[in-house]
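K.L.:
3D, please:
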Amino acid sequence: MADWYRQKSWTKADEEFFFMKLRRARKDGRAQYLKVQAIELVETKDKKLLDVAEGLIDKLFSEYPDDKFNRASALVTLGNIYQLRNDDGKAIDYYKQAIDFEIIYPQVQTQAYMYFSELVIKQRKFEFYDIVEKKLLEKIPQALFPIEKYKGYSILSIINIQNGNTIQAAHYEKLAEQNANKKTSALRYHKYLGIVKERDSWLDKLVKGK
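P.N.:
Sure, this is the predicted structure:
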């Protein structure tokens, strides 16, 4: 049986059950339960459940404004919600808020930088390219997973193409290709986790300047 805060539906009974359990939970864990339940509903991609998920995140922010541990990932969840709604402008804004908060509270790091970078590149938001380049140069060398490095180096190549730095663009393209072809990750006991199983055709085209 799934945990009470990992429901994939939201009937009246589901809602009442969740909030009954939430009231009985330790106060210092309630923000996390709201966030996790929101994430579970977002994963369904159901439009009505996206509305519920947003409401849970809003409740987290309003009732637990001092909670720092869950804030960045909650902002990422809002970004994911708006991306699923095809509102890329708001999605980019929430991912950027998550990135900014991680500077203030670096104890918790998310994939906000990658979601932000991908969306900025695909929507050609040139005004954010400097931020994307800076974050990728900071994060990618430490990344454990080939898929993360494949996407990161692809994006760096695209930015350098845009800036006319063809030699540097080719260097990053080569690194992206190397990681796309890796068969294992850097994890000793989960060596097949995070490898590139399906390439991003959109990124590949931009890397080739198409």
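
K.L.:
who touches residue 44 in this structure?
P.N.:
Under the criterion of C-beta atoms under 8 Å, 6 or more residues apart in numbering, the contact partners of residue 44 comprise residue 8. (Each C-beta comes from the backbone N, C-alpha and C, glycine too.)

K.L.:
tell me which element it is part of?
P.N.:
Counting by DSSP states H and E, no helix or strand carries residue 44.

K.L.:
got the buried residues for the worst-scoring helix or strand of the chain on mean pLDDT?
P.N.:
Least confident helix or strand, the chain: helix 201-207 with a mean of 90, by mean pLDDT, DSSP states H and E. Residues of helix 201-207 classed as buried: 203, 204, 206, 207 (neighbour count, 16 or more other C-beta atoms under 10 Å).

K.L.:
correct me if wrong: the first one contacts residue 155.
P.N.:
Yes. Residue 203 is within contact range of residue 155, at 7.1 Å (criterion: C-beta atoms under 8 Å).

K.L.:
list residues touching both of these two?
P.N.:
Common contacts of residue 203 and residue 155, defined by C-beta under 8 Å, 6+ apart, comprise 118, 121.

K.L.:
what's the pLDDT at residue 210?
P.N.:
pLDDT recorded at residue 210 is 68.

K.L.:
how about residue 116, nearest residue that isn't a chain neighbour?
P.N.:
By the measure of C-beta to C-beta, 6 or more residues apart in numbering, the closest residue to residue 116 outside its immediate chain neighbours is residue 95, 3.7 Å from it.

K.L.:
the one you found touches residue 114, doesn't it?
P.N.:
No. Look at residue 95 against residue 114 with C-beta under 8 Å: they stay out of range, at 9.0 Å.

K.L.:
these two - which one has more neighbours?
P.N.:
residue 95 (28 against 21; other C-beta atoms under 10 Å).

K.L.:
make CSV from the buried residues of helix 201-207 and add distance to residue 197 to it.
P.N.:
Below are the buried residues of helix 201-207 laid out as CSV (distance: C-beta to C-beta, whole Å):
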residue, distance to residue 197
203, 15
204, 15
206, 20
207, 19
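
K.L.:
domain parsing for this structure?
P.N.:
If you go by automatic domain parsing, the domain ranges for the chain are 1-110, 132-210.

K.L.:
of those domains, which shows the lowest average pLDDT?
P.N.:
Lowest mean pLDDT of the domains of the chain: domain 132-210, a mean of 93.
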